[in-house]
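Undergrad: Show me how the following folds:
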Amino acid sequence: MNRRALGLRHLPRNIWAVGITSFLMDVSSEMVLNLVPLFLANVLGVGTTVIGVIEGVAESTASLLKVFSGWISDRLGQRKWLAVAGYALSAAAKPFLYIASSWEAVAGVRWADRVGKGIRTAPRDALVADSIDEKRRGLAFGFHRAADTGGAMVGVLGALAAVWMTQGGVGELTQATFRTVVLVSLVPAGLAVLVLALGAREVGAARSAHSPIRFRALGRPFLVFLGIVGLFELGNSADAFLVLRAQTLGTNVLGILGMLAAFNLVYTLVSTPAGALSDRIPRRTVIVAGWVVYAGIYLGLGLAGAVWNMWVLYTVYGAYYGAAYGTAKALVADLVPVELRGTAYGTYSLVVGAMDLPASVIAGALWQGVSPGAPFFFGAAVALLAAGALWIWGRSPAGGQAG
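TA: Model prediction:
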């Protein structure tokens with residue numbers, strides 16, 4: 001415990017600045033974005049297929065930008081101001097949800113917010129990697145995920161409080177409640193931009209000589225890892241389907257927000273120790289364990305028949321994210337040259353986000369065409385395939401060298 005505390009105290013200034021920024025932006029985003037599928041379904045009467053398309057296209061749009069933003073940051077040898085610009089765009093998009101009255105308007109705001117995410121993510125992750133030594137890389141990314149998710153938990157609790165005060169235990173979300181939450185979310189979004197702009201320092205990364213983008217230069221180990229991640233993501237549909245699944249089992253808005261708070265609490269608690277653990281054992285072992293947990297959770301979601309099932313599964317879901325997400329980001333930096341980190345993080349995010357569209361469309365079609373449990377059975381099966389592939393690759397000479 002003392003060793004862990006010492007490690008956190010001695011994290012560089014940039015890690016803290018990025019962590020606080022992510023905390024504040026997630027307070028803002030999670031207040032609103034978890035209610036967007038309920039706003040679409042309960043207020044605007046939109047079906048799950050359209051919701052899946054909105055979520056999938058939003059994430060895919062962001063992903064296309066991440067690779068270019070990362071590449072630009074490599075070419076310039078600059079990370080900070082691209083990240084600041086991305087956070088600023090997301091903050092500026094949020095007020096328009098207050099006046100949105102159609103699914104097209106919601107989709108436009110959602111996509112603008114994701115464009116901001118697309119601009120900031122790869123330079124921000126590269127800034128974290130550039131600001132820490134290799135021996136503490138897992139700890140740094142684990143801490144960042146913990147800060148990010150801690151903000152998400154606070155955001156969910158804020159949304160829960162707003163729902164309780166404005167509509168009590170009413171089962172479906174109202175427009176007035178949604179608008180109240182949007183207004184409150186603007187404050188932490190603005191603070192997030194200021195913290196990064198004033199608190200972070202440019203590291204002065206090595207400039208890449210690769211123009212245009214050359215994915216082959218990222219190396220075979222990274223590209224193999226990327227292919228396995230893409231397989232996993234094909235079964236990882238938008239979390240909007242988890243929210244809708246909970247509602248089909250009789251969970252009201254307050255219950256859904258409570259589940260999200262429990263999820264984010266576990267995610268926050270697991271992220272930092274899991275990241276530190278990945279500095280001591282092969283990172284792929286931690287990721288495989290997370291994916292196996294994910295498969296078990298999705299199998300449970302497909303079989304769930306009561307509200308308490310959702311509470312348990314949503315809580316354990318946080319353990320998967322805490323173990324796998326930050327660790328995968330640390331592994332990316334292990335696999336590529338220093339001067340290509342921005343491009344690598346952008347490419348990683350491109351693959352993850354690009355798979356969101358087919359994953360969410362498949363999930364929406366399975367939901368409507370087969371049953372509400374079918375998307376989760378599909379996700380569990382794909383996750384097990386990906387976990388097996390990563391484990392086999394990790395035991396090969398090339399994968400073993402990657403950790």
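
Undergrad: okay, CA-based contacts and neighbour counts for the rest of this
TA: OK.

Undergrad: thinking residue 25 is in contact with residue 189, fair?
TA: Yes - contact status for residue 25 versus residue 189: in contact at 5.0 Å, counting by C-alpha atoms under 8 Å.

Undergrad: Check the gap between residue 216 and residue 228 for me.
TA: Per C-alpha to C-alpha, to the nearest Å, residue 216 is found 17 Å from residue 228.

Undergrad: So those two - more neighbours on which side?
TA: Neighbour count, other C-alpha atoms under 10 Å: between residue 216 and residue 228, residue 228 has more, with 18 against 9.

Undergrad: and the strand or helix carrying residue 109, what does it pack onto?
TA: For residue 109, the enclosing helix or strand under DSSP states H and E is helix 103-130. Contacting helix 103-130 under the criterion 3 or more C-alpha pairs under 8 Å, 6 or more residues apart in numbering; DSSP states H and E are the following elements: helix 13-33, helix 48-76, helix 80-93, helix 137-167, helix 307-335, helix 341-354.

Undergrad: So which bits of it are buried?
TA: Neighbour-count burial for helix 103-130, counted by 16 or more other C-alpha atoms under 10 Å, picks out 103, 106-130.

Undergrad: and what of stretch 28-47?
TA: Those would be 28-43, 46, for stretch 28-47 by 16+ other C-alpha under 10 Å.

Undergrad: Also stretch 309-327?
TA: 310-311, 313-327.

Undergrad: Neighbour count: residue 25 and residue 189, which is higher?
TA: residue 25 (28 against 25).

Undergrad: Distance of that one relative to residue 366?
TA: Counting by C-alpha to C-alpha, the gap from residue 25 to residue 366 is 33 Å.

Undergrad: Run through the stretch 251-400 of the chain and note the low-pLDDT ranges.
TA: 396-400 (pLDDT under 70).

Undergrad: about what we covered before: relative to helix 137-167, how tilted is the helix holding residue 109?
TA: 150 degrees (axes from the mean of the first three to the mean of the last three C-alpha atoms, to 10 degrees).

Undergrad: Ends of stretch 89-104, what's the gap?
TA: 19 Å.

Undergrad: what does it contact?
TA: With C-alpha atoms under 8 Å, 6 or more residues apart in numbering as the contact definition, stretch 89-104 has outside contacts at 40, 44, 46, 105-106, 109, 112-117, 178-179, 182-183, 186, 189-190, 193.

Undergrad: what residue lies at the spatial centre of the protein?
TA: residue 325 (7.9 Å; C-alpha atoms, centre = their mean).

Undergrad: residue contacts, that one?
TA: Residue 325 neighbours (C-alpha under 8 Å, 6+ apart): 145, 287.

Undergrad: do residue 391 as well
TA: With C-alpha under 8 Å, 6+ apart, residue 391 has these contacts: 284, 285, 288.

Undergrad: Could you count how many residues lie near the nearest residue to residue 63 once chain neighbours are set aside?
TA: Distance criterion C-alpha to C-alpha, 6 or more residues apart in numbering; nearest residue to residue 63, sequence neighbours excluded, is residue 350 at 4.1 Å. Neighbours of residue 350 under the rule other C-alpha under 10 Å: 26.

Undergrad: Same question for the one 10 residues further on.
TA: The number of residues packed near residue 360 is 30, by other C-alpha under 10 Å.

Undergrad: Kindly provide the distance from residue 352 to residue 227.
TA: 10 Å.

Undergrad: wait, residue 348 sits on residue 226?
TA: Yes - with contact defined as C-alpha under 8 Å, residue 348 reaches residue 226; the gap is 6.5 Å.

Undergrad: Who has more neighbours out of these two?
TA: More crowded of residue 348 and residue 226, by other C-alpha under 10 Å: residue 348, with 26 against 20.

Undergrad: Return the residues in contact with that one.
TA: By C-alpha under 8 Å, 6+ apart, residue 348 lies in contact with 67, 226, 332.

Undergrad: ditto for residue 122
TA: Per C-alpha under 8 Å, 6+ apart, neighbours of residue 122: 66, 67, 69, 70, 342, 343, 344, 345, 346, 349.

Undergrad: ok, now how distant is the residue lying closest to the second one once chain neighbours are set aside from residue 384?
TA: Counting by C-alpha to C-alpha, 6+ apart, the nearest residue to residue 67 once its immediate chain neighbours are dropped is residue 346, at 3.6 Å. For residue 346, the distance to residue 384 (C-alpha to C-alpha) stands at 26 Å.

Undergrad: Of these two, which one has the most company?
TA: residue 346 (29 against 19).

Undergrad: Go ahead and confirm the more buried one touches residue 68.
TA: Yes - counting by C-alpha under 8 Å, residue 346 touches residue 68, with 6.9 Å between them.

Undergrad: What does residue 249 show for phi and psi?
TA: phi -90, psi 0 (degrees, to the nearest 10).

Undergrad: Tell me how many other residues surround it.
TA: There are 15 residues near residue 249, going by other C-alpha under 10 Å.

Undergrad: Quick one: residues contacting it.
TA: Contacts of residue 249 (C-alpha under 8 Å, 6+ apart): 305, 306, 307.

Undergrad: and what of residue 49?
TA: 361, 364, 365, 368.

Undergrad: Using neighbour counts, trim those residues to the buried set.
TA: 361, 364, 365.

Undergrad: Quickly note the distance from the first one to residue 57.
TA: In other words, residue 361. The value you get for residue 361 to residue 57, if C-alpha to C-alpha is used, is 10 Å.
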